[in-house]
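Participant: structure here, sequence nowhere to be found:
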């Protein structure tokens, strides 16, 4: 979100109020990413508590926390589905052995209207979704951290004699790639590949010869389209999906990936060692889980840690 847009959203809620009284002595006591937190806001948050330095600090932190939470809500773009809220209310009634009418009576006895209850539940749902989104944004795992921990876990497993070898299927794939150009659109690229497939099936050429003559993946094209043995997750997801479904020796129908239009042929499969990959994944999951647990204990603090807070 642009600076001016965010400013228009939040200045009204947090700064404009501070200038509503012409007689009030006002000053900026802190900024959050350049947005002012005013003395009047702290005074309002202080309420009837003693105007001590410690209480003012607590009140100021509460205002800052509220600011970053409200901004997170605005920036999240999350909208609550009220049909889901209504379903929740029915489920709550059922779980407590009440009819819908009995639940309404119980709420009325507590002085809560159905609309108020719906709004409370909607707010809880909204805050939980914003919380999860905010925690996700605070998690940052560097590749070096993953590699270091993976090596540590792998060495430890080897030393303790608990190392378990993990294998996976490697596919040897050949492909022909054609890219669209200003004079070759998607339909034409697809048609050209379909024509190449027809020629191969008719015995007019071979896959390898067609790859050398037509593929714009020049490195593999020179080898007849051969990409060698690889685990499929190294490829574009669309490419990997087609390869996964293909039978050995059968040429696929033309399909599109982020790189262009392809046909492919799986020429062989074998079992490959994925032990290091497995430990990399394990290390990544451990690092993410550790950060997520720390962030979930105080998600507002985690959210605030990403903001530039300055006190005056």
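Facilitator: All right, it came through fine. All values derive from a computational prediction rather than experimental measurement.

Participant: next, name the residue at the spatial heart of the chain.
Facilitator: residue 136 (7.0 Å; Cα atoms, centre = their mean).

Participant: mind checking the SS state of residue 220?
Facilitator: What DSSP: H, G, I helix; E, B strand; the rest coil gives for residue 220 is helix.

Participant: which residues does it contact?
Facilitator: Residues in contact with residue 220, defined by Cβ atoms under 8 Å, 6 or more residues apart in numbering, are 174, 175, 211, 226, 227. The C-beta positions use only the backbone N, C-alpha and C, and glycine is treated the same way.

Participant: helices of the stretch 201-312 of the chain, start to end?
Facilitator: 207-214, 218-221, 237-245, 275-297, 299-304 (DSSP state H, counting those that start in this stretch).

Participant: so which bits of the helix or strand hosting the residue nearest to the centre of the chain are buried?
Facilitator: Using DSSP states H and E, residue 136 falls within helix 114-138. Residues 117, 118, 121, 122, 125, 130, 131, 133, 134, 135, 138 are the ones in helix 114-138 that count as buried (16 or more other Cβ atoms under 10 Å).

Participant: and the gap between the closest residue in space to the fifth one that isn't next to it in sequence and residue 128?
Facilitator: This points to residue 125. Distances taken as Cβ to Cβ, 6 or more residues apart in numbering place residue 80 nearest to residue 125, at 5.4 Å, with adjacent residues excluded. Computed as Cβ to Cβ, to the nearest Å, the residue 80 to residue 128 distance reads 10 Å.

Participant: rewinding a little: can you list the helices of the stretch 201-312 of the chain in a markdown table and add distance to residue 26?
Facilitator: Formatted as a markdown table, the helices of the stretch 201-312 of the chain follow (distance: least, Cβ to Cβ, whole Å):
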| stretch | distance to residue 26 |
| --- | --- |
| helix 207-214 | 73 |
| helix 218-221 | 67 |
| helix 237-245 | 55 |
| helix 275-297 | 35 |
| helix 299-304 | 24 |
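
Participant: among those helices, which is nearest residue 167?
Facilitator: Among the helices of the stretch 201-312 of the chain, helix 275-297 comes nearest to residue 167, with 8.2 Å by Cβ to Cβ.
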